[in-house]
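Participant: Need a 3D model of the following:
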Amino acid sequence: MTATLTPVGSPRRLLRGDVGFARIAVAMFAGGAAVFALLYGVQAVLPQLSVAFHVGPAQAGLSMSVATAAIALAVIPISGLSERWGRVRVLRLSVGLAAVLGLLLPLSPTFGALLADRVLQGVAIAGMPAVAMAYLADEIHPAALAGAVGTFIAGNGLGGLAGRLVASAVTDLGGWRFGLGAVSALSVGCAVAFALLLPPQRHSTRGPSVRAVRRHLADPGLRRLYLAGFVLMGGFVTVYNYLGYRLLRPPFSLSPTLVGLIFFAYLAGTAASAIAGRLADRHGSRSVLYGAVAVATVAALVTLPDALPAVLIGLGLVTTGFFGAHAAASGWVGQLAMTARGQAAGLYLCAYYAGSSVGGWVGGLLYERFGWTATVGYVVCLFAIALTPAIRATPAVGRPLQSTVVSSRPVRRDQDRRGRRSSS
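Facilitator: Numbering: from 1, shown residues only. As a prediction, this is how the structure comes out:
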């Protein structure tokens, strides 16, 4: 068993149980909740936007599409900026600006103004996920990294759920403007907690972003993880986008209110992210990715029968498998990228949100023309492709790292004893 020594003058990266580890985890949970409540809260009021601005469903859906497109386009430049400005500065600015733009969203006088606000929000939100994962990779020891990333992703999932539920409930009482205003107030509270709790950056990271992007794209292991993020999100978004249409129609014929409750399945994803992160720390990202994708694939098939219990169980397990796979894959990126982790995480998230746009759109075309069975077949194929990083990884890649880690404090005591003996 070998010890991991820290260079003189450089602070050791944090392990679970160290002072500051829990503070970082709570801060990242709050920051993820803040931005993803803003991102997905609008999804709950799309019908009300159609009525208020006299636009069709497809046009109303642009309020989601333009935001995710802005994230995909901005995530790499902003993550590169964090290499020069510092992680903490970019993170606080990102979350704070997104929250302020959220306060302006309910005041939009026209649909065009609302879309413009959403584009700016997407750019601001883009700074959080990519830079957050890079910050965690810089500050958290590799042996505890997957667990920390899993906690952050759990905050993302819970924030998305809270945004949808708060917007929906308050909209029923006072209209869509009050609904989005309530989501913005929730986001501001989380943003303040994030800014106060996030510790200063201890490990300085600098590097040319263009060279870093080229280097990461040339790495076959990272490329496979980017592909996994693309297809995972494409399949997941397809399920959530079009399952609601199926449940509104016979033989289910559920009301829109009941269909909206399917988002409670995100709670399973929130728990799965944190658990998958810890399992990856113990057993390796490769094993967790295998298992999580297998769960999501089988679960998608479970939704095929026209039986509501089967559909709901399948949806919950799809959500569990997806969030577990996403936590494993995104944490794996931080382990493989030895330098310029901001760009590495940015490329992963660019692929991830591009998968949401492209993969979800293709899934919609299949659903419209061929129905739910063909849609599930498409999702299963996407999930199968997500196994590529695990299948093609070399034996040493994706393994747990605890076995190579020993606390640096006993090593220092041994060094002190040797120093005293030599001086005597």
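Participant: Quick one: low-confidence residue ranges for this structure.
Facilitator: Scanning the chain with the threshold set as pLDDT under 70 gives 1-19, 57-58, 130, 202-210, 212, 256-257, 260, 339-342, 390-424.
Participant: quick one, longest helix in it?
Facilitator: Counting residues, the longest helix in the chain under DSSP state H turns out to be helix 142-174.
Participant: counting contacts, what elements does that one pack onto?
Facilitator: In this structure, helix 142-174 packs against helix 21-41, helix 111-139, helix 176-197, helix 266-283, helix 308-336, with contacts taken as 3 or more Cβ pairs under 8 Å, 6 or more residues apart in numbering; DSSP states H and E. C-beta here means a position set from N, CA and C on the backbone, and glycine is covered the same way.
Participant: quick one: it to chain centroid distance?
Facilitator: 10 Å (Cα atoms, centre = their mean, to the nearest Å).
Participant: got it, and stretch 278-292?
Facilitator: Between the centre of stretch 278-292 and the centre of its host chain there is 17 Å, according to Cα atoms, centre = their mean.
Participant: and if you look at stretch 378-387?
Facilitator: Stretch 378-387 has its C-alpha centroid displaced from the chain centroid by 19 Å (Cα atoms, centre = their mean).
Participant: From Tyr245, how far out is the closest residue to Ser108 other than its chain neighbours?
Facilitator: Counting by Cβ to Cβ, 6 or more residues apart in numbering, Leu114 is the residue found nearest to Ser108 once chain neighbours are left out, at 3.8 Å. Leu114 is 24 Å from Tyr245, where distance means Cβ to Cβ, to the nearest Å.
Participant: Mind checking which residue lies nearest the centre of this protein?
Facilitator: Among the residues of the chain, the smallest C-alpha distance to the mean C-alpha position (Cα atoms, centre = their mean) belongs to Ile153, namely 4.9 Å.
Participant: contacting residues around it?
Facilitator: Residues counted as contacts of Ile153 (Cβ atoms under 8 Å, 6 or more residues apart in numbering) are Gly32, Ser273, Ala274, Gly277, Phe323, His326, Ala327, Ser330.
Participant: Would you confirm that Ala271 contacts Ala154?
Facilitator: Yes. Ala271 is in contact with Ala154 according to Cβ atoms under 8 Å; the separation is 7.2 Å.
Participant: ok, and for stretch 32-50, which residues are buried?
Facilitator: Burial within stretch 32-50, assessed by neighbour count using 16 or more other Cβ atoms under 10 Å, is assigned to 32-46, 48-50.
Participant: try stretch 79-94
Facilitator: Within stretch 79-94, the residues that qualify as buried are 79-83, 86-88, 90-94, counting by 16+ other Cβ under 10 Å.
Participant: farthest pair in these?
Facilitator: Gly80 and Arg92 (17.6 Å; Cβ to Cβ).
Participant: what about Leu197, how many residues close to it?
Facilitator: 17 (other Cβ atoms under 10 Å).
Participant: which residues does it contact?
Facilitator: Taking Cβ under 8 Å, 6+ apart as the contact definition, Leu197 lies against Arg23, Val26, Ala27, Ala30.
Participant: Can you select the buried ones from the residues you listed in PyMOL?
Facilitator: Once 16+ other Cβ under 10 Å is used to decide burial, the buried members of the contacts of Leu197 can be selected in PyMOL as follows:
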select buried, resi 26+27+30
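Participant: just to revisit the earlier point, which of Leu114 and Tyr245 has more residues huddled nearby?
Facilitator: Relative neighbour count places Leu114 above the other of Leu114 and Tyr245, with 24 against 13, counting by other Cβ under 10 Å.
Participant: Give the burial count for the closest residue to Pro305 other than its chain neighbours, as a bare number.
Facilitator: In space, not counting the residues next to it along the chain, Pro305 is nearest to Val311; the distance is 7.6 Å by Cβ to Cβ, 6+ apart. Burial measure for Val311: 20 neighbouring residues, criterion other Cβ under 10 Å.
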